[in-house]
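**Q** what shape does this take:
(4 chains)
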2 protein chains.
Amino acid sequence: MVRVDGAGNPRAATLSDVARLAGVSIATASKAINGRDEVAPATRQRVLEAAEQISFTPNQLARSLLAGRTGTVGLLTSDLEGRFVIPILMGAEDAFGAGQVNVFLCDARGDAIREQHHLKALLNRRVDGIIVVGRQTDPRPSLGHDLPVPVVYAYAPSDDPTDVSVTPDNVAGGRLAIEHLLATGRRRIAHISGDPAYAAAQDRAVGVRAALADAGLELVGDVMFSEWSEHWGRDASGLLLSQHPEVDGIFAASDQIARGVLDTLRDLGRRVPEDVAVIGYDNWEILATNSRPELTSIDANLQELGRVAAKRVFTALDDERRSGTESLPVRLVIRGSTIPRR
Amino acid sequence: MVRVDGAGNPRAATLSDVARLAGVSIATASKAINGRDEVAPATRQRVLEAAEQISFTPNQLARSLLAGRTGTVGLLTSDLEGRFVIPILMGAEDAFGAGQVNVFLCDARGDAIREQHHLKALLNRRVDGIIVVGRQTDPRPSLGHDLPVPVVYAYAPSDDPTDVSVTPDNVAGGRLAIEHLLATGRRRIAHISGDPAYAAAQDRAVGVRAALADAGLELVGDVMFSEWSEHWGRDASGLLLSQHPEVDGIFAASDQIARGVLDTLRDLGRRVPEDVAVIGYDNWEILATNSRPELTSIDANLQELGRVAAKRVFTALDDERRSGTESLPVRLVIRGSTIPRR
DNA sequence: GAAAATACCGAAATGCTTTTCGGTACGTTA
DNA sequence: TAACGTACCGAAAAGCATTTCGGTATTTTC
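**A** Residues are numbered from 1 along each chain as shown, chains lettered A, B, ... in the order given. Sure thing, here's the model as predicted:
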């Protein structure tokens, strides 16, 4: 007879069901199923067949309760809408999924109250660790140190240096962009950035200035800050070309801005990359590969960042010295906007 | 004395710790904390203070084990990368989050094996339900009916009509787009679509033809199918205008295609919306609001779709008649590409 | 003042699995 | 044949919270 729950649904089979069917004790059934070697082969066979027959799967709740570990991790994001959060999520899910760990997804939607609420829920569910994913690279408030599980901050580092954080290296990104423009022979380079309130904007600008200084050059005009939009890219490049028509390389701090830059250059009759080379940031494929010409860009390796964060959750406690903010390398993706296609 | 685990970390407080500290039995402590009314006010106060003092939080595992429900739901996506999956996720997480339910996120990355693996893991964790989120609106294989929990298919409906599915109404979307163009006085309307292998492309085309037929009109040229890219939008509209220069309205089956269309119209010196009106699909804000002019589009209400899917998980079993594919309404978002700004 | 009712509390069972440890039964060795 | 070892199996505890039900102690009612 199939046991049923209150609503009349077939109830999931338990170990005792298996044991009864196989004519053994619960302990023996457990041992047989888990491959312990204190079971006679024939008995094991009987148990496995019984388990198969009623499609038994061990209840992870009971197992976790006993083991003290649940094999679950909380992903606490401040804003799922953010384009940068998704690849990090994917990387983390990927890294955990391979290791039998499942992920609780919590979206605080930028609200600190909701974040606390989710945090509490995660702890009640006895997650083995938590990854906090921010939407900007600006430091964010720490969740504190009195938590019973390891916490890793991804993208947005914690403002507490004794926490474990991983974030992309924006300074290196800015440097890399400029070094690439220099390598293609550009010398009169401008930088159109986004919202100056973002650490990402400031960090990239630092890398830009450092790379130019190393080459004994100066930026054409000042860094142009405003907002992270295609509109701004269009407006800024119009302004730039009227004031500094000699410019031969433009580093846009986002692919969206770069798209605007390409638009304006096209309108003004400048050829890309022959007259002006353009490089973007983020390597947002759908934007970068559909522009005319296709857009060279800096890729922050966010998926890898998610994977690293996942690893840190389980290694951070073993190795306390790892605390602090780890800046992960970025990568250059060359397309037609900086180097002419043959 | 603080109890510690094997690694020396402070162990989470249990109910029996609270009971001991408050000098009552475990049962009484439980009742006091859960607000049952068989406890004297003074006793309750003592218990609550004890709980507060050692920051006790009930172990959800134990609770779930007893209750038979875990308050968790599995979100099984076929592809997190897909742009349409995220808003659905957000909607579902939103709907569940408000009801104390947490979400397990599983990304099968388009692999059926991995999907089965994740499904099994979710069932072992005794989720109360599962939402399967596809990346296309084409029907997908059912997970079957011999599962112990309700399953709802979102975006990609199940190919089994006895399953519960929710999907956006693409036919209505196609109709809505055309009706809007007609309402702005257009009569020579063309439709540039994406990959014809997608149900979304075919469904929208059905809506297009129906709306035109109702108005006693015919499409200018055939529906132009190829791929969902900006490049195709540019190429297709070039072709279209050379063959049918009289066209005064274009319905692009995605915002990306629409962006390409706008590009070409601009290159050819056609004014939008004065000479040609353009309407897109998906209402991808970042694309739609950054184009010149801003793009009118059809919004599939994906976040709402996620919320509905979440609801169905808990109502589907109560009301078996609900099975089948439910098509959710879409919505028109008017911007400058169809109606001139004052 | 006695009987009944009420208010409060605690022991124990429940949910499911894993692990430890004690106990049979059989085979082996002297 | 007696003593011992091995292989296998099962009872029971542990993990934690909830709920039922029986039991005191106190109050109420006649």
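**Q** so which residues of chain A form strands?
**A** Listed in chain order, the strands found in chain A under DSSP state E are A:72-77, A:102-107, A:129-133, A:151-154, A:164-168, A:189-192, A:249-252, A:277-281, A:296-299, A:324-328, A:331-333.
**Q** how much space between the residue positioned nearest the centre of chain A and residue B:136?
**A** The centroid of chain A falls nearest to residue A:88 when counting by CA atoms, centre = their mean (1.6 Å). Distance, residue A:88 to residue B:136, using CB to CB, to the nearest Å: 25 Å. Heads up, the C-betas are built off the backbone N, CA and C, glycines and all.
**Q** residue A:48 too?
**A** Counting by CB to CB, the gap from residue A:48 to residue B:136 is 39 Å.
**Q** briefly note if stretch A:159-170 comes near chain B.
**A** No: Stretch A:159-170 stays clear of chain B (CB under 8 Å from any CB of the partner chain), getting no nearer than 15.6 Å.
**Q** and that stretch, how far out from the chain's middle?
**A** Its chain's C-alpha centre and that of stretch A:159-170 lie 13 Å apart, by CA atoms, centre = their mean, to the nearest Å.
**Q** next up, the contacts around the residue lying closest to the residue nearest to the centre of chain A once chain neighbours are set aside.
**A** Nearest in space to residue A:88, with sequence neighbours left out and distances taken as CB to CB, 6 or more residues apart in numbering or on different chains, is residue A:306 at 3.9 Å. By CB atoms under 8 Å, 6 or more residues apart in numbering or on different chains, the contact list for residue A:306 reads A:87-95, A:154.
**Q** coming back round to it: more crowded one of residue A:48 and residue B:136?
**A** The residue with more neighbours, out of residue A:48 and residue B:136, is residue B:136; 19 against 16, by other CB atoms under 10 Å in any protein chain shown.
**Q** so residue A:106 bridges to which residues?
**A** Here residue A:106 sits in beta bridges with residue A:76, going by DSSP bridges.
**Q** now the longest helix along chain A: how far from the chain's centre is it?
**A** Scanning chain A for the helix with the most residues, using DSSP state H, yields helix A:199-214. Counting by CA atoms, centre = their mean, helix A:199-214 is centred 23 Å from the centre of its parent chain.
**Q** other residues contacting it?
**A** By CB under 8 Å, 6+ apart, helix A:199-214 touches A:136-139, A:170-179, A:182, A:189, A:191, A:193-196, A:218-219, A:223, A:225, A:251, A:253, A:281.
**Q** and those, which are buried?
**A** Applying 16 or more other CB atoms under 10 Å in any protein chain shown to the contacts of helix A:199-214, the neighbour count classes A:136-139, A:170-179, A:182, A:189, A:191, A:193-194, A:219, A:223, A:225, A:251, A:253, A:281 as buried.
**Q** so which of these belong to helices?
**A** Using DSSP H, the buried ones among the contacts of helix A:199-214 in helices are A:170-179, A:182.
**Q** show me which pair in these is furthest apart.
**A** By the measure CB to CB, A:170 and A:182 form the most distant pair in those, at 18.7 Å.
**Q** make CSV from the ones in helices among the buried ones among the contacts of helix A:199-214 and add pLDDT and distance to DNA strand D to it.
**A** Formatted as CSV, these follow (pLDDT from 0 to 100; distance: CB to the nearest atom of the strand, whole Å):
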residue, pLDDT, distance to DNA strand D
A:170, 98, 43
A:171, 98, 46
A:172, 98, 45
A:173, 98, 46
A:174, 98, 49
A:175, 98, 50
A:176, 98, 50
A:177, 98, 52
A:178, 98, 55
A:179, 98, 55
A:182, 97, 60
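**Q** with distance to residue A:270 added, can I get those residues in TSV?
**A** Conversion of those to TSV gives the following (distance: CB to CB, whole Å):
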residue	distance to residue A:270
A:170	28
A:171	29
A:172	29
A:173	25
A:174	23
A:175	25
A:176	24
A:177	19
A:178	20
A:179	23
A:182	20
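**Q** hmm, stretch A:57-68 in reach of DNA strand C?
**A** Yes: using CB under 7 Å from any atom of the strand, stretch A:57-68 reaches DNA strand C at A:58-59, A:62-63, A:65-67.
**Q** residue numbers of the stretch 101-250 of chain A in contact with chain B?
**A** In this structure, the stretch 101-250 of chain A approaches chain B at residues A:102-107, A:114, A:118, A:120-126, A:148, A:229-231, judged by CB under 8 Å from any CB.
**Q** among these, the buried ones, what's the ChimeraX command?
**A** Applying 16+ other CB under 10 Å to those, the buried members can be selected in ChimeraX as follows:
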select /A:102,103,104,105,106,107,114,118,121,122,123,124,125,126,229,230,231
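**Q** just give me the neighbour total for the residue nearest to residue A:54 when sequence neighbours are not counted.
**A** Of all residues not flanking residue A:54 in the chain, residue A:13 sits nearest, at 4.3 Å (CB to CB, 6+ apart). Here the number of neighbours of residue A:13 (other CB under 10 Å) works out to 21.
**Q** got it, and residue A:326?
**A** The tally of other residues near residue A:326 (other CB under 10 Å) stands at 17.
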